[in-house]
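K.L.:
no FASTA, just this:
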């Protein structure tokens, strides 16, 4: 790992100099003949020109860069929320009635233009439900508007609800962060229909942005969209999905985005303290920002650390990207371990989700990405796991740029952070032979501390339970100690409150707010404390309302209407939710169990990252320890609830280890997407739950989600309770095959009523199979593959350690498949492959195999959706009793 000696400029004081920002459209000079080069010991090389262009990226001497390009690009979005002209919509405020708008769908809503309430002007669009027993949908589309292919536009509108909120869309992160943005599910909000030059539709309507829950005051929702290359026109569509509610819409805006993506240049020079392995670039920009970026070459990666500093004292919203121009090659992009896509067109290749549950702010699902070449080399991008960041890792097929885009916010109100924002990236090579699996494995080696079990004895327990272990409940911990069951005090990282009996009509937001006020007069001090926690921790949205998760009737409390708000868990918010949980749940449970000689094993956090939201309160910004982000609705700096949760987890871990001993764990009900990446290092086990949709899969139980959750849990326990009502044996069987593939301990949830006889036994049997191998730990590199890409293989354990080496093999199709499984004995540590015994542990059957060199070949036949689990070599069976696995029975 070095900088090419011939590139040294002779004076390290040059590192402190800077150049100005070069705007988009500037002409770059030819790259210098002697750029600075950083090399790793494993064959990765990155070269930069003295003005910050990437001039070379090589793996084993193979060049990936044809034309040099700047590594850094910046979009300053700080004023984006103020851009209102030119508005392409001719009648955006309905001042001319419905002129320019046409009804394209209506299943019963009353639609009219009314003089009040309005956001601006003298009229607004009103859509009202005529019944409360059914959902009615209406959609109104604008006349076609001319747009420019490849141009960015921002679409926005103001919404207000008679109830103070809308009930749809409502759901979990798998819906709100992912699925809503992929398919056509009509929800309250804005859609677009792209049209070609002849006015013909290009695909179906695309969701621009939905209205999520609270709209007590006029609420602005906004999304920036890029016109597809084959589109010439667009229709803006307003959608209302109501059940007895009224919704008003006003002041729509479709405006070209004027902010350029500017190339950043600044003098690059060796670092004074490590000139052989480190480069630093510094750029002072004309808009009051200074950017510094340090590159450090390590044995197996190049680490980038950057910082943006504001000198103006103003609020900032920035999209900063680092990238390399990988043009001229033939590439493969991996979405996950089972999905690879050849790069064939100008689309953006990314496994993207939204960072928030009430709008679109794109980030990557995984904390790493991989791009491979046909020559057999791969370059991966990784995010360090010891700090929270909102970043999208992607390859842009239109420009050939491969890199990371960071969403950064800066505010003078963030007094602890200061007027700055940091960004970090890891650049490393991987083997495309193993694709995304090697991306994961190498990231694990680079970030080993984040994946290490903080409670190594977690697999030694005979079961998992969580409850309220306070006062009389402490006695249950004694019983569980005797049975060696892991007992965890239940907590919830949100702000729920029961309102009125469910026999009443749907309550308004005003009723919910009155219920919070009423808590301050309650005779129970813990209710008073809960009410204060709501007022101190409820996330405040762009319209100054508390960010509402839901108001509804749910299986865990069917007799009540429940309201719940998103919470900021920053421990520095006085009287907030963090203090409430510690003072009224965690400390009492630990104290009461200790007082009777019981051992409470840990703390459970339910609905983990179910409400990824942005807090705009000045006190939230002032309390933040991590850099800010920004809201895509108004482009104001904000605190992300995931960043605040990391502060809470650090605080909680310190409290447990300092005051209660180092043998206490933190477990979760794993709902969140993307954000658990930088939170997982504090966690000891991952519970989960969900319903199935009739085919053995569900929103929180399908290969895409299981691939992700398994990778983040890595070698730690992963559990799932099935909450499906009316589960059939066939569906239980199909879901069980995925459980065995991913090594997930499964069981029946408290809300899983009316199951077909035999369904629960299927899950119980599956649990016993999984317990044979899950403690061996999931390994991303299987060193095993079949000759059919639709027959998948996972791996658990090591050959030389207990419980041994196991390979779940899964047929992902609805047809019977006959395949050959090949095992590479060398990397698997099978020193004498001819003497290996291979057993199907599901049916306790020894399987024949053949040898070719050191490779073992096992013929297998698998039925539709079937998983077979093969034990290779020795290993003892482990008995285990499933007991309330990490999901509270009544939530």
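P.N.:
Okay, I see it. Quick caveat: nothing in here was measured; it's all calculated off a predicted structure.
K.L.:
use CA for all of it now, contacts and neighbours both
P.N.:
Will do.
K.L.:
residue ranges with poor pLDDT in the chain?
P.N.:
Within the chain, the stretches with pLDDT under 70 are 1-34, 184, 874-891.
K.L.:
Skipping adjacent residues, who's closest to the residue nearest to the spatial centre of it in space?
P.N.:
Centroid-nearest residue in the chain: residue 674, 1.6 Å away (criterion: CA atoms, centre = their mean). Using CA to CA, 6 or more residues apart in numbering and skipping residues adjacent in sequence, the residue nearest residue 674 is residue 365, 4.6 Å away.
K.L.:
residues near the one you found, how many?
P.N.:
Residue 365 sits with 27 neighbouring residues when counted by other CA atoms under 10 Å.
K.L.:
mind checking the longest helix of the protein?
P.N.:
For the chain, the helix reaching the highest residue count under DSSP state H is reported as helix 641-659.
K.L.:
what is the residue lying closest to residue 782 once chain neighbours are set aside paired to in the beta sheet?
P.N.:
What sits nearest to residue 782 in space, not counting adjacent residues and going by CA to CA, 6+ apart, is residue 795, at 5.1 Å. Beta-bridge partners of residue 795, counted by DSSP bridges, are residue 779.
K.L.:
contacting residues for residue 795?
P.N.:
By CA atoms under 8 Å, 6 or more residues apart in numbering, the contact list for residue 795 reads 778, 779, 780, 781, 782, 805, 806, 807, 808.
K.L.:
most surrounded residue in the residues you listed?
P.N.:
Note: the member of the contacts of residue 795 with the most neighbours is residue 806, at 30 neighbours, neighbours being other CA under 10 Å.
K.L.:
For burial, what's the neighbour tally of the closest residue to it other than its chain neighbours?
P.N.:
In space, not counting the residues next to it along the chain, residue 806 is nearest to residue 871; the distance is 4.5 Å by CA to CA, 6+ apart. The tally of other residues near residue 871 (other CA under 10 Å) stands at 27.
K.L.:
helix, strand or coil for residue 871?
P.N.:
Secondary structure of residue 871, reduced to three states by DSSP: H, G, I helix; E, B strand; the rest coil: strand.
K.L.:
Equivalent analysis for residue 141, please.
P.N.:
Counting by three-state DSSP, the backbone at residue 141 sits in strand.
K.L.:
Then residue 585?
P.N.:
At residue 585, secondary structure determined by three-state DSSP is helix.
K.L.:
Tell me if I'm right that it and residue 473 touch.
P.N.:
No. Using CA atoms under 8 Å as the test, residue 585 is too far from residue 473 to be in contact (11.8 Å).
K.L.:
between those two, who's got more neighbours?
P.N.:
Comparing residue 585 with residue 473 by other CA under 10 Å, the one with more neighbours is residue 585, at 19 against 14.
K.L.:
ok, back up a step: residue contacts, the residue nearest to residue 806?
P.N.:
For residue 871, the contacting residues are 804, 805, 806, 807, 837, 838, 839, 840, 841, taking CA under 8 Å, 6+ apart as the criterion.
K.L.:
Return the closest of those with respect to residue 343.
P.N.:
residue 807 (31.2 Å; CA to CA).
K.L.:
these two touch, right, that closest one and residue 799?
P.N.:
No. Distance between residue 807 and residue 799: 11.5 Å, which falls outside the contact criterion (CA under 8 Å).
K.L.:
Need the overlap of contacts for these two.
P.N.:
Shared between the contact lists of residue 807 and residue 799 (criterion: CA under 8 Å, 6+ apart) are residues residue 872.
K.L.:
which residues sit against stretch 224-235?
P.N.:
Stretch 224-235 has contacts (CA under 8 Å, 6+ apart) with 141-155, 192-197, 199, 202, 208, 257.
K.L.:
contacting residues around residue 763?
P.N.:
Residues touching residue 763, when contacts are defined by CA under 8 Å, 6+ apart, comprise 732, 733, 736, 746, 747, 748.
K.L.:
Domain boundaries for this structure, per the record?
P.N.:
Per automatic domain parsing, the domain ranges recorded for the chain read 5-75+261-451, 84-256, 456-687, 780-872.
K.L.:
would TSV of these with distance to residue 761 be doable?
P.N.:
Output for these, formatted as TSV (distance: least, CA to CA, whole Å):
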stretch	distance to residue 761
domain 5-75+261-451	30
domain 84-256	28
domain 456-687	17
domain 780-872	14
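K.L.:
quick one: which of these is nearest residue 708?
P.N.:
Comparing the domains of the chain by their distance to residue 708 (CA to CA), the top pick is domain 5-75+261-451, with 7.2 Å.
K.L.:
residue ranges for the strands of the stretch 301-450 of the chain, please.
P.N.:
Secondary structure of the stretch 301-450 of the chain (DSSP state E, counting those that start in this stretch): strands located at 302-310, 316-325, 331-336, 339-342, 348-349, 352-354, 362-364, 368-373, 378-382, 391-396, 401-410, 420-430.
K.L.:
Cool, thanks, signing off.
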